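Q: Quick one, what's the 3D model for this:
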Amino acid sequence: MKLWSGVVTEHLQACRDFYVRLFQCRVLFDSDWFVLLELGGGELGFLAPQQEAQAAAFQRPLRDGRGLWVTIDVDDADAEYRRLQALGVPIEVAIRDEAWGDRHFVILDPAGIAVDVVQHG
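A: Below is the predicted model of the structure:
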């Protein structure tokens with residue numbers, strides 16, 4: 001078995017470009033209706049809304065990204081923070097340490113999904 005996630009979004013190509021440019025995700029499939037990305041063995045798909053071939057449950061796009069997040073595990077959160085700042089990526093939550101030992105910060109992808117960049121403690 002394998003678990004992976006997908007997001008229905010109108011920002012399909014922008015999301016692809018975001019994850020490829022910022023995190024060097026590998027593109028496994030790329031079309032005008034679906035994009036599948038891979039990073040470190042994990043996969044994330046983006047599906048264009050209102051595809052006639054899809055069941056109704058897969059036709060409505062995510063709105064504003066609330067209630068959904070993606071985590072990118074990194075070896076050095078401070079280095080990633082500096083790298084993304086230098087690229088001009090807006091930081092949603094500044095880098096910080098958590099009581100459970102993680103060090104992390106948050107950015108938003110083009111679909112409004114929170115991307116939690118985490119160094120586990």
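
Q: just the helices in the protein please.
A: Listed in chain order, the helices of the chain (DSSP state H) span 12-23, 77-86.

Q: possible to save these as CSV with distance to residue 117?
A: From N, CA and C alone the C-beta is placed, and that goes for glycine too. Shown next, in CSV, are the helices of the chain (distance: least, Cβ to Cβ, whole Å):
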stretch, distance to residue 117
helix 12-23, 9
helix 77-86, 5
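
Q: Touching, residue 15 and residue 111? I think so.
A: Yes. The criterion here is Cβ atoms under 8 Å, and residue 15 meets it with residue 111 at 5.5 Å.

Q: Next, show the common contact partners of the two.
A: Common contact partners of residue 15 and residue 111 (Cβ atoms under 8 Å, 6 or more residues apart in numbering): 7, 9, 46.

Q: Make a markdown table out of those and add pLDDT, neighbour count and distance to residue 29.
A: A markdown table is the format used below for those (pLDDT from 0 to 100; neighbours: other Cβ atoms under 10 Å; distance: Cβ to Cβ, whole Å):
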| residue | pLDDT | neighbour count | distance to residue 29 |
| --- | --- | --- | --- |
| 7 | 95 | 21 | 14 |
| 9 | 95 | 23 | 15 |
| 46 | 96 | 26 | 10 |
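
Q: Let's see which of the residues you listed end up in strands.
A: Under the assignment DSSP state E, the shared contacts of residue 15 and residue 111 contribute 7, 46 to strands.

Q: Go through the shared contacts of residue 15 and residue 111 and name the one nearest residue 95.
A: Nearest to residue 95 among those is residue 7, at 25.1 Å by Cβ to Cβ.
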